[in-house]
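Undergrad: Make a model of this:
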Amino acid sequence: MIVILKNGFGESKVEDFISDIKSKGLDCHVVKGVEKTIVGLLGDTSKLDPRDFLSNDIVESAERVSVPYKMASREFHPENTIVEIGANQAGVTSCLVGDGKTIPVIAGPCAVEGEEQILNAARAVKAAGARILRGGAYKPRTSPYSFQGMGKDGIRLLELAKKETGLPICTELMAISEIGNFHNVDLIQVGARNFQNFDLLKELGRFGKPVLLKRGLSGTIQELLMSAEYIMANGNENVILCERGIRTYDPYTRNCLDVSAVPYLHKVSHLPVVLDPSHASGIRWMVGTLACASVAAGCDGLEIEVHCNPEKAWSDASQQLNPAMFEELMAKLGKYAAVENKTM
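TA: Have a look, this model is predicted:
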């Protein structure tokens, strides 16, 4: 349920109203906009009648939220959420995701393979204009015999790359037991296989770091938003949604990129939306085309895999761009972004 308050009343009146709500065993999420203040009621509101709130002179209107995801919905939060990555760190250039002006690119290799490899990749993607460095320290793999990542050592190498280049870092968390290693990670990725690992999502809500939440292989849009709700309901509103392709009946690509998810998510949610054309196609020569389509669709950012020698990559070799390809793509994306009055 949401309650819209009238303008012109003092803070004490608003605080009294919120205290009264909490006395009923509910929690409140308050959004103070330029023109109005919205109070979202969290909890079991089934026994409350919205009309009962109208007797309070500071209430303009009250209505039930029609979707099961409350905090992630645009009804609850009409203004776009902007997530800052890498804030308040000396030597690190932070960036905004969802500001409507820029389309930051998260780029780097699928997996961290060694110090020289990740440092070279970090230098290359920064030179081409990427704003965040990605690299898998922990790797979920279909086969138990495939490379599983370097773990804590991989995060340490990402931190070295951050120190040298000033790029914030993004890497995937797979298990709650490893979360203590992520204090210096700027953007924590939840992969497609874990997007409904609800215990992990709750812990990330309490942990407080910005989260890049990927849609599951067969996940619906509503399931993605409900997963975001788990993080937000536990205290962390810095959530970025990521469309990375869903599994369909046709295997000609690794997955099928759902470009239509971008305008739909912008319609129903205030959270920024990033697209991952690398995992969507799984095919190197298709990544650029899908990235351009994503920008045209209005995405708030891109995640692209870049490796200095992709043919010898230890994982996902077929979908990673080399630095020259990435530099060329970034120049092309800049022209697409300009059409939307944005910059890369």
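Undergrad: Against Asp27, how distant is Tyr249?
TA: In this structure, Tyr249 and Asp27 are 43 Å apart, going by C-beta to C-beta, to the nearest Å. C-betas here are computed from N, CA, C, even on glycine.
Undergrad: So those two - more neighbours on which side?
TA: When Tyr249 is set against Asp27 and neighbours are counted by other C-beta atoms under 10 Å, the residue ahead is Asp27, at 12 against 5.
Undergrad: List the contacts of the more buried one.
TA: Residues near Asp27 by C-beta atoms under 8 Å, 6 or more residues apart in numbering: Leu41, Leu42, Gly43.
Undergrad: neighbours of the closest residue to the last one other than its chain neighbours, just the number please.
TA: Looking back up the chat, that one is Gly43. Nearest residue to Gly43 in three dimensions, chain neighbours excluded: Leu26, at 4.1 Å (C-beta to C-beta, 6 or more residues apart in numbering). When neighbours are defined as other C-beta under 10 Å, Leu26 has 17 of them.
Undergrad: do the same with Val339
TA: Count around Val339 with other C-beta under 10 Å applied: 9.
Undergrad: How about the contacts made by it?
TA: Ala296.
Undergrad: From Ile103, how far out is it?
TA: 12 Å.
Undergrad: Then Gln196?
TA: Distance from Gln196 to Ile103, by C-beta to C-beta: 28 Å.
Undergrad: Neighbour count: those two, which is higher?
TA: Ile103 (26 against 16).
Undergrad: Need phi/psi at that one.
TA: phi -120, psi 80 (degrees, to the nearest 10).
Undergrad: same check, this time on the one 10 residues further on
TA: Dihedral angles phi and psi of Glu113 (degrees, to the nearest 10) take the values phi -110, psi -10.
Undergrad: Could I have the CA atoms of stretch 231-244 written out in PDB?
TA: The C-alpha coordinates for stretch 231-244 follow below in PDB (Å, rounded to 0.1, in the frame of the first residue of the first chain):
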ATOM      1  CA  ILE A 231      17.800  -7.600  -1.400                       C
ATOM      2  CA  MET A 232      15.900  -4.300  -1.000                       C
ATOM      3  CA  ALA A 233      13.600  -5.600   1.800                       C
ATOM      4  CA  ASN A 234      16.700  -6.400   3.800                       C
ATOM      5  CA  GLY A 235      18.100  -2.900   3.600                       C
ATOM      6  CA  ASN A 236      20.000  -2.500   0.400                       C
ATOM      7  CA  GLU A 237      18.400  -0.300  -2.300                       C
ATOM      8  CA  ASN A 238      21.400  -0.200  -4.600                       C
ATOM      9  CA  VAL A 239      20.300  -2.900  -7.000                       C
ATOM     10  CA  ILE A 240      21.000  -3.000 -10.700                       C
ATOM     11  CA  LEU A 241      19.000  -5.400 -12.900                       C
ATOM     12  CA  CYS A 242      20.800  -7.300 -15.600                       C
ATOM     13  CA  GLU A 243      19.200  -9.000 -18.600                       C
ATOM     14  CA  ARG A 244      21.700 -11.600 -19.900                       C
END
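Undergrad: buried sites along that stretch?
TA: Buried residues in stretch 231-244, defined by neighbour count with 16 or more other C-beta atoms under 10 Å: Ile231, Met232, Ala233, Asn236, Glu237, Asn238, Val239, Ile240, Leu241, Cys242, Glu243, Arg244.
Undergrad: Determine the number of other residues adjacent to Ser251.
TA: Slight slip there: residue 251 is Pro, not Ser. Neighbours around Pro251, by other C-beta under 10 Å: 10.
Undergrad: mind checking the SS state of it?
TA: What DSSP: H, G, I helix; E, B strand; the rest coil gives for Pro251 is coil.
Undergrad: gap between it and Met286?
TA: From Pro251 to Met286 the distance is 14 Å (C-beta to C-beta).
Undergrad: Val30 reaches Lys36, doesn't it?
TA: No - the criterion here is C-beta atoms under 8 Å, and Val30 misses it with Lys36 at 11.5 Å.
Undergrad: any idea which helix or strand comes after the lowest-mean-pLDDT helix or strand in the chain?
TA: Scoring the helices and strands of the chain by mean pLDDT, DSSP states H and E places strand 27-32 at the bottom, with a mean of 85. Downstream of strand 27-32, the first helix or strand assigned by DSSP states H and E is strand 37-42.
Undergrad: In that following strand, which residues are buried?
TA: Buried residues in strand 37-42 (16+ other C-beta under 10 Å): Thr37, Ile38, Val39, Gly40, Leu41.
Undergrad: What is the nearest of these to Ser19?
TA: Proximity of the buried residues of strand 37-42 to Ser19 (C-beta to C-beta) peaks at Val39, which lies at 11.7 Å.
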